[in-house]
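[1] sequence unavailable; structure follows:
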């Protein structure tokens, strides 16, 4: 690693080693370790509250010292399964759940399901927003809501590549990138473009994570834990390894890790790689975070001192030129909440 650091300092990669994390408690109560272990998203609101989409126990809000839970037990959510959570431009909490879409304005909850909207009975798989438009992914297509009207897009009614939606990213030009279990769709104005292993270099069509950078270019991680981005001619998805500088590609630590999650902040893409078989160490990083700008500048940082496998980077809040509020979940014997 020392030789790598020397090369990185001399190249256009910025290296920041030894990211420090503070461990915070998980929600208390009757929750089991298994129930707390599985999460699907995290978002940070303007008051620095962390909103966590738990897969089995509802939605949690952490204010830095205590948790507030929203679930079926207290009647504040219609489902214990929360598949995604974001903060929109009005600082509202948008949560996709096993029953549909839930919106919280800080005072009142509004719930949409198959009885009061076009959303299917199977609930929602993901949610995002662009301006005042909310996009909701389901296993029966993608839907948008402008506050009054709903519009649906399915394989049978549009150019969507698959109805099984796994992720949605909206570019700053309004382009909508849609990850599915069977490839990627781009919807822009009224046109559709589809990408899969049949017409690109993708190794697998099941998209696990999708984001768009400031140049409206999509980045994805698929089910085989490979990371890709759209090429300059928008004709192919190329592996991240093809654009990385040689010093990083040649690092044994980097190459031993697997891609696990993407995040986007201020137009930059953040990629996390995890050690599938970590050994706590003060000399090597068990997780690596890579920042990629739209013009392919890189910032590389390690998270050391025993972060374990199945670490998931879910959200980043970038402030004053420094990393802040990086949410990690350590899916080990005892789940913990790590904040930088």
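    Thanks, I have it. What you are looking at is a predicted structure, and each value in this text was computed from that prediction instead of being measured.
[2] okay, CA-based contacts and neighbour counts for the rest of this
    OK.
[3] can you list contacts of stretch 153-164?
    By CA atoms under 8 Å, 6 or more residues apart in numbering, the list of residues contacting stretch 153-164 from outside reads 137-143, 180-185, 192-194.
[4] mind giving me the ChimeraX command for buried ones among the residues you listed?
    A single ChimeraX command is used to select the members of the contacts of stretch 153-164 judged buried by 16 or more other CA atoms under 10 Å:
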select :137,138,139,140,141,142,143,180,181,182,183,184,185,194
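[5] give the contact list for the residue nearest to residue 239 when sequence neighbours are not counted.
    Once flanking residues are discounted, residue 239 sits nearest to residue 228: 4.3 Å by CA to CA, 6 or more residues apart in numbering. Contacts here follow CA under 8 Å, 6+ apart; on that basis residue 228 touches 202, 219, 220, 221, 237, 238, 239, 240.
[6] what's the helix or strand for the second one?
    If you go by DSSP states H and E, residue 219 is part of strand 218-222.
[7] sheet partners, orientation included, of that strand?
    Strand 218-222 pairs in its sheet with strand 207-212 (antiparallel), strand 227-230 (antiparallel), by DSSP bridges.
[8] and of those strands, who's closest to residue 99?
    strand 207-212 (21.1 Å; CA to CA).
[9] residues touching that closest one, excluding its own?
    Contact with strand 207-212 is made by 166-171, 177-184, 218-223, 261-264, 267, 269, as judged by CA under 8 Å, 6+ apart.
[10] so of those, which ones are in helices?
    Of these, none are assigned to helices by DSSP state H.
[11] returning to what we had before: among the strands paired with strand 218-222, which is the most enclosed?
    The highest average neighbour count among the strands paired with strand 218-222, using mean count of other CA atoms under 10 Å, belongs to strand 207-212 at a mean of 26.
[12] so how far is residue 85 from the nearest residue to residue 51 once chain neighbours are set aside?
    Counting by CA to CA, 6+ apart, residue 61 is the residue found nearest to residue 51 once chain neighbours are left out, at 4.5 Å. Here residue 61 is placed at a distance of 11 Å from residue 85 (CA to CA, to the nearest Å).
[13] neighbour count winner among the two?
    Shown here are residue 61 and residue 85; by other CA atoms under 10 Å, residue 85 has more neighbours (27 against 20).
[14] output the below-cut-off pLDDT ranges for the stretch 201-340 of the chain.
    247-251, 253, 274-288, 300-340 (pLDDT under 70).
[15] can you give me the helices in it?
    246-249, 252-255 (DSSP state H, counting those that start in this stretch).
[16] and the stretch 1-150 of the chain, by the same measure?
    With helices called from DSSP H, counting those that start in this stretch, the stretch 1-150 of the chain shows them at 2-10, 33-37.
[17] which stretch in these has the least confidence?
    Of all the helices of the stretch 1-150 of the chain, mean pLDDT reaches its minimum on helix 2-10 (a mean of 29).
[18] what about residue 51, how many neighbours?
    25.
[19] what about residue 104, distance to residue 91?
    Taking CA to CA, one finds residue 104 at 9 Å from residue 91.
[20] rewinding a little: taking the contacts of stretch 153-164 one by one, which sit in strands?
    137, 138, 141, 142, 143, 180, 183, 184, 185, 192, 193, 194 (DSSP state E).
[21] so the fourth one touches residue 134, yeah?
    No. Taking CA atoms under 8 Å as the definition, residue 142 is not a contact partner of residue 134, at 10.6 Å.
[22] residues shared between the contacts of those two?
    Joint contacts of residue 142 and residue 134 (CA under 8 Å, 6+ apart) do not exist.
[23] strands of the stretch 151-300 of the chain, start to end?
    For the stretch 151-300 of the chain, applying DSSP state E, counting those that start in this stretch gives strands covering 165-170, 176-180, 183-188, 191-195, 207-212, 218-222, 227-230, 237-239, 258-265, 268-274, 287-292, 298-303.
[24] can I get these in JSON lines with distance to residue 151?
    Putting the strands of the stretch 151-300 of the chain into JSON lines (distance: least, CA to CA, whole Å) gives the following:
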{"stretch": "strand 165-170", "distance to residue 151": "15"}
{"stretch": "strand 176-180", "distance to residue 151": "14"}
{"stretch": "strand 183-188", "distance to residue 151": "14"}
{"stretch": "strand 191-195", "distance to residue 151": "16"}
{"stretch": "strand 207-212", "distance to residue 151": "22"}
{"stretch": "strand 218-222", "distance to residue 151": "23"}
{"stretch": "strand 227-230", "distance to residue 151": "27"}
{"stretch": "strand 237-239", "distance to residue 151": "29"}
{"stretch": "strand 258-265", "distance to residue 151": "26"}
{"stretch": "strand 268-274", "distance to residue 151": "29"}
{"stretch": "strand 287-292", "distance to residue 151": "34"}
{"stretch": "strand 298-303", "distance to residue 151": "38"}
